[in-house]
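J.: Here is my input; please provide its structure:
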Amino acid sequence: MVKRHPSKSRGVFLCFYVAYGPSNERNFKNGLDLLKTIRIIQYMTNTAEIFVTNFEDIRERSINLWHHIPHEYLHWKSKGQSFSCIELVRHVLEQEYLLFKSIKTQGRVNRSLSPWNGKKYGTVADELNFAAVYRSEFIQMVSRLENVDFQSVYVGKPKDNLSKKSLALHLNQMAYHESIHTGELIQNLTTLGLKWSLFK
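T.: Residues are numbered from 1 along each chain as shown. Just a heads-up that it's a prediction; the model follows:
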């Protein structure tokens, strides 16, 4: 349970801007609607809590959506799209793992070592169960970060300034990636005549 610290609300908002900066504020709100963002931030005491809550909220919405994919449409894909419904689910889960590992390897990721390589597609529950241990490891890592880490730690090749980005931006892009594919899946379900809203 996150404790409320009304007297620290100003410092909490400062953490928000330290982590993201004004230019990235809009992307952060893609994962949470504005009012909910403000309500959550008022209870936060550090930047890590904000990130963890954002990741968990996005994943909760994703899972609710994934579980509403009819079984007979798991392998359906819209014409011209790269991923079927279940492939989108796995792509989100696997990409989170790879991007998480890239934090430890300065942006270098060996995709051939992905735990998903050669694994047959299952149900949504199968995919979530398989990814659970990696998801838990990722969330634990984020929760242990100090406020200073979000701007002092960089992800990318050490000698390539163009590829380097702050840890805050890297994590924000991870959350944004999942949100993008959630929107893609909603579009697929709409094409199939299935109505869905993330804000039910």
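J.: hey, let's count contacts and neighbours off CA atoms from now on
T.: Noted.
J.: For the residue nearest the centre of the chain, which non-adjacent residue is spatially closest?
T.: Among the residues of the chain, the one closest to the centroid is residue 175, at 2.9 Å (CA atoms, centre = their mean). Closest residue in space to residue 175, ignoring its immediate chain neighbours: residue 55 at 6.3 Å, by CA to CA, 6 or more residues apart in numbering.
J.: count of residues packed around that neighbour?
T.: 21 (other CA atoms under 10 Å).
J.: Just the local confidence number for it, please.
T.: Per-residue confidence for residue 55 comes out at a pLDDT of 95.
J.: can you check residue 124 too?
T.: So residue 124 comes in at 97 (pLDDT).
J.: so where's this protein uncertain?
T.: 1-45, 107, 157-163, 196-200 (pLDDT under 70).
J.: show me where it has helices.
T.: Assigned by DSSP state H, the helices in the chain fall at 9-20, 25-31, 34-41, 47-66, 85-104, 124-143, 149-152, 167-191.
J.: what about those, which gets the closest to residue 117?
T.: Nearest to residue 117, of all those, is helix 85-104, at 9.7 Å by CA to CA.
J.: buried residues in the closest one?
T.: 85-103 (16 or more other CA atoms under 10 Å).
J.: what's the nearest residue to residue 145 if we skip its chain neighbours?
T.: For residue 145, the closest residue by CA to CA, 6+ apart turns out to be residue 48, at 6.0 Å.
J.: these two touch, right, that neighbour and residue 141?
T.: No: using CA atoms under 8 Å, residue 48 makes no contact with residue 141, being 9.5 Å away.
J.: For these two, indicate the residue with more neighbours.
T.: residue 48 (24 against 13).
J.: residue contacts, that one?
T.: 142-147 (CA atoms under 8 Å, 6 or more residues apart in numbering).
J.: at 10 Å what do you get?
T.: Shown in contact with residue 48 (CA atoms under 10 Å, 6 or more residues apart in numbering): 15-16, 19, 54, 139, 141-147, 149-150, 168.
J.: Return the member of those residues nearest to residue 195.
T.: The closest of the contacts of residue 48 to residue 195 turns out to be residue 54 (CA to CA; 24.7 Å).
J.: Next one: the closest one relative to residue 141, how far apart?
T.: Using CA to CA, to the nearest Å, we find residue 54 at a distance of 15 Å from residue 141.
J.: And for residue 111?
T.: 21 Å.
J.: still on that earlier bit, closest one to residue 74 among the helices of the chain?
T.: Between residue 74 and those, the shortest separation by CA to CA is 5.1 Å, and it involves helix 85-104.
J.: If you count contacts, what does the closest one end up packed against?
T.: Helix 85-104 is packed against helix 47-66, helix 124-143, strand 154-155, helix 167-191, with contacts defined by 3 or more CA pairs under 10 Å, 6 or more residues apart in numbering; DSSP states H and E.
J.: Figure out which of those is closest to residue 78.
T.: helix 167-191 (6.6 Å).
J.: Compute the inter-axis angle for the closest one and helix 85-104.
T.: Angle of helix 167-191 versus helix 85-104, following axes from the mean of the first three to the mean of the last three CA atoms, to 10 degrees, is 180 degrees.
J.: No further queries at this time; thank you.
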